[in-house]
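[1] Predicted model, plus sequence, below.
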Amino acid sequence: MHIAFVTPEFVTEYGFGGGLGNYLNRFTKELVKRGHEVEVFVSSYHKAETIKHEGVLVHRVPHAFRRRANLPLKLAAKLLGKGNGYDLHVRSWILSHALDARHKESPFDVVQCADYLAVGLHVAKRSDRRLVVRCSSAADLYNAATNNSNRFEKARERLEIESVRRADRAYAPSRFIAEHLKESHGLDVKVIRPPYAFEVKQAIHSIDVLPKRFLVHFGQLSTLKGTDWLIRSLKLAFKTVPDLRVVMVGVANMSELNGWLAQLGADRSKVLALYPVPKDVLYGVLSKADASIIPSRADNLPNTLLESLMHGLPIIGTNGVSVDELVTHGVNGLLVEMDDDEALCEAIVQYWRGDVTLPHRGFLSNCSTTQDFEPKRAVDSFLSFVDEN
């Protein structure tokens, strides 16, 4: 099968990766292993070119118009999109043109677009190929969780839903997001789990400044991911367990993060905050952590959850918001209600002291849900889904 993926991000475009880009990296490699021909069309800051990444053709498509010959299209996009997601219209148009040009040379059987940033909004529907959207974003849900309601985000919410609605079919990795899209927007969204797999080998060298024992919070360090909530809870926890140590690794608004960390006062030195590190180095950090803290306010089976479980880490996180789809309280983690500072503090303290015994570390091997994440089953589920009549 010849499959195209249209995306605003991929691992070839930046050093530390993002959730969508990392998922596509794992998924496309699994498809190639099974003999499928896979191409990625990614919105890029690089010049237009095609490169090969681990058996996958990656078409770098400049995210903005660079030539005067594109002026009529640019003007049309500006008129149609002004105040209504102009940049999103432009990005999708450019990607769709690159896709169509390649389709003429070598037709695709399936085109999968991300809903994130509505990149599939202008991808043509054709009778000779299936148009699929993977729901990674749920912008309205995420924005509500963070009280984000600026003009761009409102346009993004509307256009992302429109891109899902016009697809032949759509799916999400979590029940949490699939149910939200059905209840809030009347969309028929199936659940197909992503494959779990180690993307790289763990680095031989490690970060010298890591504490001997620590809990880890990594990925996006933001309000959506509950970093501010975690820091409030740590402020309480340090009073009870002064030997507690936490390592934070990832992408952040550093001014915002430093403001939150400053709330810890004299305990600030007990939290090590690192900039994004290469994936192999991150795996080294995870291999040494005691547990992973995932206090998201809204999420969609994040890579941080999968990667933590793959490394055998217990999870201390939010009850609901998709975390509970792989974490059972008291079995392979501890779950607390959202924004309950005292409850999160108590869970951290109990685990750090060893007051709770968790019979499982990481994935539940006897859980049928877990089996859906096995690479072969995940790929087979996707192929069966896109091939349904």
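    Arrived safely. Residues are numbered from 1 along each chain as shown.

[2] The residue nearest to residue 167 when sequence neighbours are not counted in helix, strand or coil?
    Leaving out its chain neighbours, the residue that sits closest to residue 167 by Cβ to Cβ, 6 or more residues apart in numbering is residue 133, at 4.1 Å. For glycine as for every other residue, the C-beta is placed from the backbone atoms N, C-alpha and C. What DSSP: H, G, I helix; E, B strand; the rest coil gives for residue 133 is strand.

[3] ok, and for whichever strand or helix holds residue 100, which residues are buried?
    Assessed by DSSP states H and E, residue 100 sits inside helix 86-105. By 16 or more other Cβ atoms under 10 Å, the buried positions in helix 86-105 come out as 86-96, 98-99, 102-103.

[4] chain center to it, what's the gap?
    Chain-centre distance of helix 86-105: 23 Å, with Cα atoms, centre = their mean, to the nearest Å.

[5] what's the average pLDDT for that helix?
    Helix 86-105 carries an average pLDDT of 94.

[6] C-alpha coordinates for it, CSV please?
    The C-alpha trace of helix 86-105 is given here as CSV (Å, rounded to 0.1, in the frame of the first residue of the first chain):
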residue,chain,number,x,y,z
TYR,A,86,-5.2,32.8,7.4
ASP,A,87,-1.9,31.1,8.3
LEU,A,88,-3.6,27.8,8.7
HIS,A,89,-5.2,28.1,5.3
VAL,A,90,-1.9,28.9,3.7
ARG,A,91,-0.1,26.0,5.4
SER,A,92,-2.7,23.5,4.3
TRP,A,93,-2.9,24.9,0.7
ILE,A,94,0.9,24.6,0.3
LEU,A,95,1.0,21.0,1.6
SER,A,96,-2.0,20.0,-0.5
HIS,A,97,-0.3,21.3,-3.7
ALA,A,98,2.9,19.3,-2.9
LEU,A,99,0.8,16.2,-2.2
ASP,A,100,-1.2,16.6,-5.5
ALA,A,101,2.0,17.0,-7.5
ARG,A,102,3.4,13.8,-6.0
HIS,A,103,0.1,11.9,-6.4
LYS,A,104,0.3,12.6,-10.2
GLU,A,105,3.7,10.9,-10.3
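
[7] tell me the angle of the helix or strand following it relative to helix 86-105?
    Next along the chain after helix 86-105, taking DSSP H and E as the criterion, comes strand 110-114. Counting by axes from the mean of the first three to the mean of the last three Cα atoms, to 10 degrees, strand 110-114 lies at 160 degrees to helix 86-105.

[8] list the helices and strands strand 110-114 packs on?
    The criterion is 3 or more Cβ pairs under 8 Å, 6 or more residues apart in numbering; DSSP states H and E, and the helices and strands that strand 110-114 contacts are strand 2-7, strand 130-134.

[9] Please list all residues in contact with the residue nearest to residue 167.
    For residue 133, the contact set (Cβ atoms under 8 Å, 6 or more residues apart in numbering) comprises 112, 113, 114, 115, 120, 163, 164, 167, 169, 170, 171.

[10] Farthest pair within those?
    Spatial extent of the contacts of residue 133 (Cβ to Cβ) is set by the pair 114 and 169 at 14.5 Å.

[11] And the two? Which one has more around it.
    Between residue 114 and residue 169, counted using other Cβ atoms under 10 Å, residue 114 has the larger neighbour count: 24 against 15.

[12] mind listing what the nearest residue to the more buried one once chain neighbours are set aside touches?
    Nearest residue to residue 114 in three dimensions, chain neighbours excluded: residue 7, at 5.0 Å (Cβ to Cβ, 6+ apart). Residue 7 makes contact with 20, 21, 24, 40, 41, 42, 43, 113, 114, 116, 119, according to Cβ under 8 Å, 6+ apart.

[13] ditto for residue 56
    Per Cβ under 8 Å, 6+ apart, neighbours of residue 56: 28, 29, 32, 38, 39, 40.

[14] quick one, strands of this protein?
    Along the chain, counting by DSSP state E, strands occupy 2-7, 37-44, 49-53, 56-62, 110-114, 130-134, 169-172, 189-191, 215-221, 246-252, 271-274, 291-294, 315-318, 333-336.

[15] Give me whichever of those strands is most buried.
    strand 315-318 (a mean of 28; mean count of other Cβ atoms under 10 Å).

[16] so what secondary structure elements neighbour that strand?
    strand 291-294, helix 303-310, strand 333-336, helix 341-353.

[17] and these, which is most packed in?
    Of all those, strand 291-294 carries the top mean neighbour count, a mean of 25, counting by mean count of other Cβ under 10 Å.

[18] Quick check: neighbours of that one in the sheet, parallel or antiparallel?
    In the sheet, strand 291-294 lines up against strand 215-221 (parallel), strand 315-318 (parallel) (DSSP bridges).

[19] Tell me which of these lies nearest to residue 207.
    strand 215-221 (11.6 Å).

[20] Residues in contact with the closest one: which ones?
    Here strand 215-221 has contacts from 19, 225, 227, 230, 244-252, 257, 273, 282, 285-286, 289-295, 302-304, 308, 313, 316, 348, 351-352, using Cβ under 8 Å, 6+ apart.

[21] and the contacts of residue 56 as TSV, adding distance to residue 386?
    Formatted as TSV, those follow (distance: Cβ to Cβ, whole Å):
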residue	distance to residue 386
28	14
29	18
32	16
38	13
39	15
40	16
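
[22] Tell me which helix or strand in this structure has the weakest average pLDDT.
    The least trusted helix or strand in the chain, going by mean pLDDT, DSSP states H and E, turns out to be helix 71-81, with a mean of 57.

[23] quick one on the thing from earlier: now render the strands paired with strand 291-294 as JSON lines, adding distance to residue 235 and mean pLDDT.
    What follows is those, written out as JSON lines (distance: least, Cβ to Cβ, whole Å; pLDDT from 0 to 100):
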{"stretch": "strand 215-221", "distance to residue 235": "14", "mean pLDDT": "97"}
{"stretch": "strand 315-318", "distance to residue 235": "16", "mean pLDDT": "98"}
